[in-house]
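Student: following is a predicted model, sequence given first.
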Amino acid sequence: MFKIILLMLFFISTVIVKLLSTLLPINGQTSGEIFNRLPVFFTPANYVFYIWIVIFILLAWWIWNIMKDYKSSRPIPTKRILLFGASSILYILCIFSWHYEQFVYSFVTLTVLLSCLFMLYITYPLDDINRKKRLPISLILGWTFISFFTNLSYLLTFYEFDGFGMTKSLWGVIFLTIATAIALHFRYHYFDRLMSVVFIWTFIGVAIQHNFSQLLLTAASLFLSCVLIVGIIFLKKSARPL
């Protein structure tokens, strides 16, 4: 029972801090207000960030399933509880660092958070039942990858990175391409369609944000969204799952 209580405390704390960062807000500014100060090359439209509502709903469902396993006397892996707890703490630290404009610390914390979530992700075997139970973690991991790219682009813009002579649009396309490779990797090796959906959701948001003011970035966003859709439908691994 202690594991369940701990899990719920971590979840509730994360939800509260996320709500405070939007409604209070922390340090008198919302995340969006800070982000919109700079012309960041990898940024989706504001509506894309409402994905957090879906993430929290699925995480609540994830905890509910763990509670059912507990009632059925199924073992609850301690590693998953610890990794989720570490991820919650890191996410809270990331929010506070961001709102107090400690952007380097926020990015470092986000990078460690990404590692923790990936370790949590791979605790699930690749059979059909566990892949369904993994869905909430897949969603939040996919979104954390997106946050990694958006925060990195903000950091580079904040410190006036010259781009080695390349335009911001081209750097945006590079980020989109790397993100697409990550999504296809998870689709092929981990049989994960949901992560590709998260990336498509974001890419379309990037296209809407830049509209046709950045034609290269808009075209790349839409083209790579189509690539991911094709990957979801047709990309299959014939070998037996590891």
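Tutor: Happy to help now that I have it.

Student: alpha carbons only for contacts and neighbour counts from here, please
Tutor: Fine.

Student: in the top helix by length along the chain, which residues are buried?
Tutor: Assignment by DSSP state H gives helix 135-158 as the longest helix of the chain. Within helix 135-158, the residues that count as buried by 16 or more other C-alpha atoms under 10 Å are 135-155, 157.

Student: which secondary structure elements does it sit against?
Tutor: Helices and strands touching helix 135-158, by 3 or more C-alpha pairs under 8 Å, 6 or more residues apart in numbering; DSSP states H and E, are helix 51-71, helix 103-121, helix 168-189, helix 194-210.

Student: what's the first helix or strand after the second one?
Tutor: Yep, that's helix 103-121 we're talking about. Once the chain leaves helix 103-121, the next helix or strand it forms, by DSSP states H and E, is helix 128-133.

Student: the shortest one too?
Tutor: In the C-terminal direction, the helix or strand that comes right after helix 194-210 (DSSP H and E) is helix 215-234.

Student: what lies in contact with that following helix?
Tutor: 169-170, 172-173, 176-177, 180, 183-184, 187, 193, 196-197, 199-200, 203-204, 206-208, 210-212 (C-alpha atoms under 8 Å, 6 or more residues apart in numbering).

Student: one more time with 6 Å, if that's ok
Tutor: S169, V173, R193, I200, F203, A207 (C-alpha atoms under 6 Å, 6 or more residues apart in numbering).

Student: stretch 112-125 now?
Tutor: R80, L83, S87, L90, N130, L141.

Student: residues of that stretch that come out buried?
Tutor: L113, L114, S115, C116, L117, F118, L120, Y121, Y124.

Student: now it, how far from the chain's geometric center?
Tutor: Distance of stretch 112-125 from its chain centroid, counting by C-alpha atoms, centre = their mean, to the nearest Å, is 12 Å.

Student: show me the contacts for N130.
Tutor: Per C-alpha under 6 Å, 6+ apart, neighbours of N130: Y124.

Student: any idea of the pLDDT on it?
Tutor: Note on N130: pLDDT of 77.

Student: hmm, which of the contacts of helix 215-234 is lowest in pLDDT?
Tutor: Minimum pLDDT across the contacts of helix 215-234 falls on S169, with 87.

Student: per-residue pLDDT, the closest residue to L135 other than its chain neighbours?
Tutor: Distances taken as C-alpha to C-alpha, 6 or more residues apart in numbering place L194 nearest to L135, at 7.2 Å, with adjacent residues excluded. The model reports L194 with a pLDDT of 95.

Student: what is the burial count for L194?
Tutor: Applying other C-alpha atoms under 10 Å, we find 18 residues neighbouring L194.

Student: picking that back up, can you list the contacts of helix 215-234 in TSV and add neighbour count?
Tutor: Shown next, in TSV, are the contacts of helix 215-234 (neighbours: other C-alpha atoms under 10 Å):
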residue	neighbour count
S169	19
V173	20
R193	22
I200	22
F203	30
A207	23
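
Student: spatially central, which residue of this protein would that be?
Tutor: Centroid check for the chain by C-alpha atoms, centre = their mean gives W143 as the closest residue, at 1.6 Å.

Student: which residue is the nearest non-sequential neighbour of it?
Tutor: Take W143 and drop its neighbours on the chain: the residue closest to it by C-alpha to C-alpha, 6+ apart is V198, 6.6 Å away.
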